[in-house]
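Novice: Give me a 3D structure for the following:
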Amino acid sequence: MIEIRNISKSFGNLSVLHEVNLTIGNNEIITIVGPSGAGKTTLLQIAGTLDKPDSGEVIYNGTHVFDLKDRKLSEFRNRNIGFVFQFHRLLPEFSAQENVALPAMIGGRSRKEAMKRAAELLEMLGVGDRLRHRPAEMSGGERQRAAIARALINDPEIIFADEPTGSLDSYNRDEIRNLIATLRKDLGQTFVIVTHDPTVSMIADRVVNMADGRIIDERLTSLPG
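Specialist: Numbering: from 1, shown residues only. Alright, predicted model coming up:
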């Protein structure tokens with residue numbers, strides 16, 4: 001589905017990625033692991049089109065995304081890609097339902113349709129009783145479920161998650177990890193997850209290990225069941 005070819009990236013004199021190559025398949029869960037400073041988040045941001053490389057290509061089903069003009073690239077991202085971050089990044093002045101609905105309304109759906117779909121997703125993810133709660137009125141696990149619902153609202157082909165369990169206690173960490181596995185099974189979702197949490201890799205099909213801006217190895221995992 002996605003080909004990452006010879007991606008390099010520097011910030012000033014600091015070289016962060018060195019000719020990285022990675023292929024991401026449909027309906028796959030990949031975790032990207034490695035020490036801090038390995039380039040994991042930078043790779044995730046470039047693969048998700050949030051940042052541009054100095055050189056190399058990112059190709060989605062034949063579309064060379066960095067050949068797109070800024071507006072077209074934004075539209076492509078809104079339609080095809082979802083994001084989940086370590087800290088939920090929900091807008092504090094809006095309810096959970098409004099936060100989830102926003103990407104759909106930005107993408108052109110009516111408020112009524114977007115809010116209806118947001119309610120359905122929040123219900124599916126076990127927080128249907130928190131529709132009108134603002135983020136400050138929700139637990140960490142509830143906020144992260146709302147963030148996942150927001151990532152799903154436009155039915156993207158792929159979700160990129162940066163440390164999605166990093167700010168959670170062990171109970172909510174396990175809940176979110178199991179939820180990701182269930183979403184892949186039930187919705188056919190593709191997930192690429194940057195993590196320092198070894199338990200998250202328990203649900204992965206493939207673990208990509210990075211160090212010093214390079215992929216140093218990849219291994220397939222043996223999933224339970």
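Novice: Only C-alpha atoms from now on, for both contacts and neighbour counts.
Specialist: OK.
Novice: Which residues are in contact with Lys40?
Specialist: Ile32, Val33, Gly34, Val194, Met210, Gly213 (C-alpha atoms under 8 Å, 6 or more residues apart in numbering).
Novice: Kindly provide the distance from it to Leu121.
Specialist: In this structure, Lys40 and Leu121 are 29 Å apart, going by C-alpha to C-alpha, to the nearest Å.
Novice: just Met202 next, same as before
Specialist: Met202 is 25 Å from Leu121, by C-alpha to C-alpha.
Novice: Same question for Gly166.
Specialist: Using C-alpha to C-alpha, Gly166 is found at 23 Å from Leu121.
Novice: More neighbours: the two, which one.
Specialist: Leu121 (23 against 15; other C-alpha atoms under 10 Å).
Novice: Tell me where the chain has helices.
Specialist: 40-47, 70-80, 96-106, 111-124, 140-152, 170-187 (DSSP state H).
Novice: Can you list the buried residues in the second one?
Specialist: Which is helix 70-80. For helix 70-80, burial by neighbour count (16 or more other C-alpha atoms under 10 Å) applies to Leu73, Phe76, Arg77, Asn78, Arg79, Asn80.
Novice: And stretch 205-223, by the same measure?
Specialist: So stretch 205-223, judged by 16+ other C-alpha under 10 Å, has buried residues Asp205, Arg206, Val207, Val208, Asn209, Met210, Ala211, Asp212, Gly213, Arg214, Ile215.
Novice: so who does the fifth one touch?
Specialist: Spelled out, it's Asn209. Ile32, Val33, Gly34, Ile215, Ile216, Asp217, Glu218.
Novice: Which residue comes closest to it once chain neighbours are left out?
Specialist: Leaving out its chain neighbours, the residue that sits closest to Asn209 by C-alpha to C-alpha, 6 or more residues apart in numbering is Val33, at 5.0 Å.
Novice: Count the neighbours of that neighbour for me.
Specialist: 22.
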